[in-house]
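> I'll drop the sequence and a predicted model, then ask my questions.
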Amino acid sequence: MNPARTLQALPSSKATTFRRNLLAWYDAHRRDLPWRASRDPYRVWLSEIMLQQTRVAAVMEHYREFLRRFPAVGKLAAAREASVLAAWSGLGYYRRARMLRTAAKVIVREHGGTFPASQEGLRALPGVGRYTAAAIASIAFGEPVAAVDGNVERVLQRVSGQRLAGEELWQTANHLLAAKRPGDFNQAMMELGAVVCTPRAPACLTCPVVELCATRGELAATTKPAPQKKLALHYALNYRNRNNRGDDRDGDDRDGDDRDDDRGDGEVFLVQRPRNASLMPGMWELPELARTNGAAVPSFTLRHSITVTDYTVGVWRAAAPSNVPGKWIPVLRLGHVALTGLARKILRQAGILRKESRRVAPARV
Ligand code: SF4
């Protein structure tokens, strides 16, 4: 940590102008996002956890439905894990959902159902790190603490013209913070990074702090980003009409002809990931194929990206390998099942799962 670098980044006289310009811009231009309608710590917490590593548009799809299902921390604490995972399905990084439920239990058991009202108290909750604790404390309780996420880091580096890192970032953010409106200030910094000071081609001409910015554009990169890995995956899509329930795991009725059927009457064969898997334990997915049953081309392909890997996914209308244990799941139950994000994507592309089928309830499969 180097305090001199922090102050050099933006001296106090400029810091005053920075926070005034930023807040005026935020008041006039902030996006109307559902979680901004309330300072209820439960809602702030939920939105912050959902927004970690997930796009705003995807969170908006899930946020209201999750609140409809679990409107208060007590409801979440009392819910079965399968219900919470089903409501979370499609957001990815399912460890967040498990930690959310665990933290809800701690809040109910150790705090009488009331959120700790300080950054320090919040940080003691499972799944709540320094950023999340600062965001909740400032937005819900008005505690004057800065929150530094990826968007804020980028803004601070460009404004200062320095590759600030670690404690320097937090110190600079706290130096700039508007102590009387810490929650709005933190959200304004994130908003600026999300919609103006974007990773590529920042819109400097419309930026409220352009006159104070050292770079007015992208900070020169010192290292090249790591290239994305490319991998291929193959899955068996095994669908049958429930009126024709012969054991068709040999693939008899899984060609394109059944696409005109009423999908609500059908079933799809899924397997559950091991409970001790490091990724997405206990979630349901299509059986993976090591090979492609000799067919020349898959029924369809799609692309799926997870962190540093781009997958090309081949989906084959074929039976699962006979040694794969799994279950036939009625299509009407799919919205209640904790599906992996990729399984949901495949079933939607196949026309089996429709968007409106994601009503959530405890999974009993
Ligand atoms: Fe980002 Fe450009 Fe604004 Fe600087 S002037 S903070 S680079 S948008």
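Structure's in. What do you need? Residues are numbered from 1 along each chain as shown.
> gap between stretch 161-168 and the chain center?
26 Å (C-alpha atoms, centre = their mean, to the nearest Å).
> could you confirm whether it reaches the ligand?
No: shown here: stretch 161-168 not in contact with the ligand (C-beta under 6 Å from any ligand atom), separated by at least 9.2 Å. (C-beta placed from N, C-alpha, C; glycine too.)
> wait, W35 touches P41, no?
No: taking C-beta atoms under 8 Å as the contact criterion, W35 and P41 are not neighbours in contact, 11.5 Å apart.
> more neighbours: which of the two?
Each of W35 and P41 has its neighbours counted (other C-beta atoms under 10 Å); W35 has more, 23 against 20.
> tell me which parts of the chain are close to the ligand?
Close to the ligand, as judged by C-beta under 6 Å from any ligand atom, the chain has residues 155, 158-159, 196-197, 202, 204, 207, 209-210, 213, 215-217.
> now the buried members of the residues you listed.
Of the members of these, the ones counted as buried by neighbours, 16 or more other C-beta atoms under 10 Å, are 155, 158-159, 196-197, 202, 204, 207, 209-210, 213, 215.
> now pLDDT too, for these, in a markdown table please.
Written out in a markdown table, the entries for those read as follows (pLDDT from 0 to 100):
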| residue | pLDDT |
| --- | --- |
| V155 | 96 |
| R158 | 94 |
| V159 | 94 |
| V196 | 97 |
| C197 | 97 |
| P202 | 95 |
| C204 | 95 |
| C207 | 97 |
| V209 | 96 |
| V210 | 95 |
| C213 | 94 |
| T215 | 92 |
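> show me these that map onto helices.
In this view, those that belong to helices under DSSP state H are 155, 158-159.
> and which of the residues you listed is nearest to the ligand?
The shortest separation between the ligand and any of those is 3.9 Å, and it belongs to R158 (by C-beta to the nearest ligand atom).
> pretty sure that closest one contacts A220?
No: at 10.8 Å, R158 and A220 do not qualify as touching, with contact defined as C-beta under 8 Å.
> contacting residues around the residue most central in space within the chain?
The central residue of the chain, meaning the one whose C-alpha is nearest the mean C-alpha position (C-alpha atoms, centre = their mean), is T54 at 3.0 Å. When the contact criterion is C-beta atoms under 8 Å, 6 or more residues apart in numbering, the partners of T54 are 91-93.
> do A87 as well
Counting by C-beta under 8 Å, 6+ apart, A87 makes contact with 62, 65-66, 69-70, 97, 360.
> distance check, it against the ligand.
Taking C-beta to the nearest ligand atom, to the nearest Å as the measure, A87 falls 36 Å from the ligand.
> what strand or helix carries that residue?
Following DSSP states H and E, one finds A87 within helix 81-88.
> return that helix as CSV; C-alpha atoms alone will do.
Extracted as CSV, the C-alpha positions of helix 81-88 are listed here (Å, rounded to 0.1, in the frame of the first residue of the first chain):
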residue,chain,number,x,y,z
GLU,A,81,-31.6,-26.8,-0.9
ALA,A,82,-33.2,-28.3,-4.0
SER,A,83,-35.7,-25.5,-4.1
VAL,A,84,-33.1,-22.8,-3.9
LEU,A,85,-31.0,-24.4,-6.6
ALA,A,86,-34.0,-24.7,-8.9
ALA,A,87,-34.8,-21.0,-8.4
TRP,A,88,-31.1,-20.2,-9.1
